[in-house]
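Undergrad: Sequence and computational prediction follow.
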Amino acid sequence: MMKGITERTPQIIAAEINSIKDQTGRMLLYSSVEIGRRLTEAKSMVNHGEWGKWLENSVSYSQSTANKLMRLFEEYGAKLAAGHQDSSNSESIPNLSYTQAIILLGISEEERESFTAEHDVASMSTRELKQAVQERDQALNEKAELQNALTVNQGAVTEITSERDGLRKQASGLQAAIHTKELTIKTLQEKLNSAKEGEASAAKIAALEKDIKATRIKLSANKVSFLYNNIAKEFEELLKELTKLAPADPEAHEKYKSEVSGLIGKIAERL
């Protein structure tokens with residue numbers, strides 16, 4: 001072996017091949033962007049409705065291929081141009097291959113730079129990059145689903161809170177009415193007792209007894225209304241929870257459904 005000549009190994013050869021592949025990929029990206037630049041220019045000149053025919057006859061491209069090349073120009077053209085004008089400006093040159101650039105089209109321009117910086121895209125294989133993009137998309141979808149679930153739950157909580165406050169207000173009103181009626185009955189009863197002790201006329205006593213009876217009827221109506229509203233609300237909540245329980249625990253659902261039905265039957269018999 002001659003002195004000064006580095007011994008070649010499979011590892012060295014692999015590194016050379018990968019280096020050539022990287023250079024070829026970057027050159028392909030640059031060439032594709034430049035083709036996309038010219039396609040964009042040509043499209044602005046070709047008459048409406050003749051673009052597909054022009055592509056086929058002039059450059060042998062399908063519209064989907066042309067769209068991909070023009071998209072590459074749109075997304076990377078400015079930075080590639082800046083990079084070739086000033087090679088010292090490393091930030092302006094996307095150190096990407098054609099395949100990597102195509103994969104990254106799935107990420108918005110606003111997020112692409114941070115993504116490439118976080119993942120060292122230039123050193124990733126195509127498979128690794130695809131997986132990283134898929135994991136990012138999955139994370140974003142999960143975040144969006146979680147946010148949507150939180151929004152829905154927040155809406156449900158707001159609705160429940162509103163219903164609760166309404167019921168509390170309604171219950172408070174009924175309780176106030178019941179309390180008022182009870183005080184009225186107490187006052188009327190005191191007047192009646194005083195009238196009887198003072199030998200008031202039969203007509204006055206009868207009028208007081210009538211007022212007491214009417215007030216007691218209104219009191220009973222208020223109590224019935226209050227209790228009915230509570231029962232109706234609780235019954236609605238019971239039905240909702242039974243519906244939720246059905247898919248989670250069918251056996252328990254059927255058990256409580258049967259018990260509720262039996263209770264309703266007993267209530268109906270006593271009415």
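TA: Right, received. Where do you want to start?
Undergrad: make it CA atoms for all contacts and neighbour counts henceforth
TA: OK.
Undergrad: can you tell me how far residue 8 sits from residue 16?
TA: Residue 8 sits at a distance of 11 Å from residue 16 (criterion: CA to CA, to the nearest Å).
Undergrad: report the longest helix in the protein, please.
TA: Secondary structure assigned by DSSP state H gives helix 126-197 as the longest helix of the chain.
Undergrad: Summarise which helices and strands that helix is packed against.
TA: On a contact count with 3 or more CA pairs under 8 Å, 6 or more residues apart in numbering; DSSP states H and E, helix 126-197 meets helix 98-104, helix 202-248.
Undergrad: a markdown table please, covering those and showing mean pLDDT.
TA: Formatted as a markdown table, these follow (pLDDT from 0 to 100):
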| stretch | mean pLDDT |
| --- | --- |
| helix 98-104 | 85 |
| helix 202-248 | 80 |
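Undergrad: Out of these, which is the most enclosed?
TA: Highest mean neighbour count of these: helix 98-104, a mean of 18 (counted as mean count of other CA atoms under 10 Å).
Undergrad: Break the protein down into its domains, please.
TA: 10-117, 142-270 (automatic domain parsing).
Undergrad: got those as JSON lines, with distance to residue 133 columns?
TA: Formatted as JSON lines, the domains of the chain follow (distance: least, CA to CA, whole Å):
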{"stretch": "domain 10-117", "distance to residue 133": "8"}
{"stretch": "domain 142-270", "distance to residue 133": "14"}
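Undergrad: for those domains, which one ends up most surrounded?
TA: domain 10-117 (a mean of 15).
Undergrad: end-to-end on it?
TA: For domain 10-117, the end-to-end distance is 31 Å (CA to CA).
Undergrad: same question, stretch 58-66
TA: Stretch 58-66 has an end-to-end distance of 12 Å (criterion: CA to CA).
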